[in-house]
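Asks: sequence-free structure coming up:
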């Protein structure tokens with residue numbers, strides 16, 4: 001057989017003749033070895049609102065994306081010169097993808113609106129009948145933040161918010177302070193005016209009434225000594241009594257106007273003193289129950305005067321209309337309420353009852369309208385009932401605003 005003899009039979013088997021014999025070969029017996037192919041990154045794609053561009057990738061260095069880039073991607077290819085169209089690809093973006101993502105035979109991948117940060121792009125390829133080969137060299141990727149996404153801006157924004165909140169708080173505090181200061185100044189001006197009126201009434205009106213009362217009494221004594229008729233003497237006595245009564249009323253008004261008396265202890269002491277003095281002057285047996293140590297808290301002049309006048313009217317009715325021999329006066333301070341109770345052992349309520357179901361008059365005396373009206377004016381209530389053992393019980397309840405510690409009365 002010749003050295004270069006070649007022959008193919010009808011079924012396609014090839015025969016090669018050589019010095020050492022015949023080589024038999026059939027093309028179908030050949031199979032391409034399973035192998036993977038190296039892969040390289042070839043291009044970087046960038047897209048903004050204005051347009052897009054594609055640039056070749058040099059194979060070294062990080063890819064940096066400006067904040068204006070909204071979409072970007074990579075192009076890549078497997079180095080297989082026999083069946084490149086049969087290669088399969090898988091990509092992974094560290095910092096974004098949790099695992100490899102197979103994309104088939106596509107030779108590019110794109111990403112949209114990645115958050116600012118650092119990433120690493122990886123890609124690998126495999127032949128249609130082979131396993132995954134080694135991945136391409138990793139491509140570092142840096143997505144730069146917009147100015148409003150930088151930590152400097154965020155820190156400045158946080159500081160600005162803190163400053164804004166602090167400024168608003170300071171402005172509100174300043175406004176509240178100004179309102180409180182204006183209210184305090186108005187209160188001080190009112191107190192000063194009240195003190196001035198109190199002094200003027202005491203010094204001018206009070207002194208004049210005292211002088212009238214004294215002169216009337218002196219004239220009464222002189223007339224009696226001269227044997228004057230009873231009528232002029234009676235009129236002088238009436239003038240003196242009226243002057244004394246008016247002087248007492250002026251003293252009550254002065255007490256109500258004096259700013260230093262705008263405290264619960266002053267009110268308690270004044271009520272107790274008036275009740276004791278009135279009982280002594282009228283011969284009533286009085287039991288007085290008042291707090292031994294009232295809480296030192298403010299109470300307005302309006303409340304003080306209304307409570308006093310209600311007590312005064314109630315005691316007046318006890319003597320003039322009830323025919324009582326004894327009276328109990330109790331002042332109780334509990335939580336946020338002041339309670340004044342006047343109970344007598346007199347003849348009790350009259351049958352004359354007002355349209356609201358409440359007694360309108362007590363034994364022909366002055367109606368309770370003024371007392372109820374004063375109670376309503378200070379936000380309180382006034383109840384008039386029969387006592388458990390007869391007599392009449394007048395109960396005044398007045399809210400005090402903020403709560404006060406419970407302070408039971410002492411006899």
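Replies: On my side now, so go ahead. What you are looking at is a predicted structure, and each value in this text was computed from that prediction instead of being measured.
Asks: And for residue 87, the neighbour number?
Replies: 22 (other CB atoms under 10 Å). C-beta coordinates here come from the backbone N, C-alpha and C atoms, glycine included.
Asks: next one: residue 60
Replies: The burial count for residue 60: 8, using other CB under 10 Å.
Asks: now swap in residue 21 and tell me
Replies: The local packing of residue 21 (other CB under 10 Å) involves 9 other residues.
Asks: And the one 4 residues further on, by the same measure?
Replies: Counted by other CB under 10 Å, the residues lying close to residue 25 total 12.
Asks: OK, contacts around it?
Replies: 13-14, 16 (CB atoms under 8 Å, 6 or more residues apart in numbering).
Asks: from the middle of its chain, how far away would the longest helix belonging to the chain be?
Replies: For the chain, the helix with the greatest residue count under DSSP state H is helix 151-200. In terms of CA atoms, centre = their mean, to the nearest Å, the centre of helix 151-200 is found 17 Å from the chain centre.
Asks: I'd like to know which elements that helix is packed against.
Replies: Contacts defined by 3 or more CB pairs under 8 Å, 6 or more residues apart in numbering; DSSP states H and E place helix 151-200 against helix 230-257.
Asks: need the next SSE after the helix it packs on, C-terminal direction.
Replies: helix 264-282 (DSSP states H and E).
Asks: any idea how far the helix or strand just after that following helix is from the chain center?
Replies: The helix or strand immediately downstream of helix 264-282 is strand 285-291, counting by DSSP H and E. Between the centre of strand 285-291 and the centre of its host chain there is 45 Å, according to CA atoms, centre = their mean.
Asks: Report the buried residues of strand 285-291.
Replies: By neighbour count on 16 or more other CB atoms under 10 Å, the buried set for strand 285-291 is 286, 288, 290-291.
Asks: any chance of those residues in a markdown table, with pLDDT and distance to residue 51 too?
Replies: Shown next, in a markdown table, are the buried residues of strand 285-291 (pLDDT from 0 to 100; distance: CB to CB, whole Å):
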| residue | pLDDT | distance to residue 51 |
| --- | --- | --- |
| 286 | 91 | 103 |
| 288 | 94 | 99 |
| 290 | 95 | 93 |
| 291 | 92 | 89 |
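Asks: just these now: which is nearest residue 137?
Replies: Nearest to residue 137 among the buried residues of strand 285-291 is residue 291, at 92.5 Å by CB to CB.
Asks: related to what we said a few turns ago, what's the mean pLDDT across the longest helix of the chain?
Replies: Averaged across helix 151-200, the pLDDT comes to 84.
Asks: Stretch 67-74 now?
Replies: 91.
Asks: Give me the residues contacting that stretch.
Replies: 41, 43-50, 52, 57, 65, 91, 108-114, 116, 121, 123, 139, 143-147, 149.
Asks: helices and strands of this protein: which one has the lowest mean pLDDT?
Replies: The weakest-scoring helix or strand in the chain, judged by mean pLDDT, DSSP states H and E, is strand 409-410 (a mean of 51).
Asks: Hmm, residue 374 and residue 309 touching each other?
Replies: Yes - judged on CB atoms under 8 Å, residue 309 makes contact with residue 374 at a distance of 6.0 Å.
Asks: and those two? which has more neighbours close in?
Replies: residue 374 (21 against 15).
Asks: Grab the nearest non-local neighbour of residue 300.
Replies: residue 262 (6.6 Å; CB to CB, 6 or more residues apart in numbering).
Asks: correct me, but the one you found touches residue 298?
Replies: Yes - counting by CB under 8 Å, residue 262 touches residue 298, with 5.6 Å between them.
Asks: which stretches of the stretch 201-350 of the chain have low pLDDT?
Replies: For the stretch 201-350 of the chain, applying pLDDT under 70 flags the ranges 201-213, 215-217, 220, 222-236, 240, 243, 247, 349-350.
Asks: domain assignment for the protein?
Replies: Domain ranges of the chain: 39-145, 173-259, 262-411, per automatic domain parsing.
Asks: Would you mind giving those as JSON lines with distance to residue 158 added?
Replies: Below are those laid out as JSON lines (distance: least, CB to CB, whole Å):
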{"stretch": "domain 39-145", "distance to residue 158": "16"}
{"stretch": "domain 173-259", "distance to residue 158": "22"}
{"stretch": "domain 262-411", "distance to residue 158": "40"}
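Asks: Quick check: which of these is nearest to residue 160?
Replies: Once the domains of the chain are compared by CB to CB, domain 39-145 is nearest, at 18.5 Å.
Asks: measure the closest one end to end?
Replies: By CA to CA, to the nearest Å, the extent of domain 39-145 from end to end equals 31 Å.
Asks: next one: stretch 40-53
Replies: End-to-end distance for stretch 40-53: 20 Å, by CA to CA.
Asks: and for it, what are the contacting residues?
Replies: Stretch 40-53 has contacts (CB under 8 Å, 6+ apart) with 54-57, 59, 63, 65-66, 68-77, 79, 108, 110, 121, 123, 136-137, 139.
Asks: got it, and stretch 306-318?
Replies: Against stretch 306-318 from outside (CB under 8 Å, 6+ apart): 252, 255-256, 267, 270-271, 274-275, 278-279, 284, 324, 327, 329, 338, 340, 342, 344, 346, 362-363, 365-366, 370-371, 374-375, 377-378, 380, 382, 392, 394, 396, 398.
Asks: And stretch 134-147, by the same measure?
Replies: 36, 38-41, 57, 59, 61-67, 69, 74, 76, 93-94, 114-124, 153.
Asks: If we go by neighbour counts, what in it is buried?
Replies: Buried residues in stretch 134-147, counted by 16+ other CB under 10 Å: 135-136, 139, 141, 143.
Asks: Kindly report the same for stretch 257-277.
Replies: Neighbour counts over stretch 257-277 (16+ other CB under 10 Å) mark 257-259, 261-264, 266-268, 270-272, 274-275 as buried.
Asks: In these, find the pair that's most separated.
Replies: 259 and 275 (24.0 Å).
Asks: wait, which of the buried residues of stretch 257-277 is closest to residue 386?
Replies: Nearest to residue 386 among these is residue 275, at 21.7 Å by CB to CB.
Asks: Secondary structure of residue 12: a helix, I assume?
Replies: No - read with DSSP: H, G, I helix; E, B strand; the rest coil, residue 12 is coil and lies in no helix.
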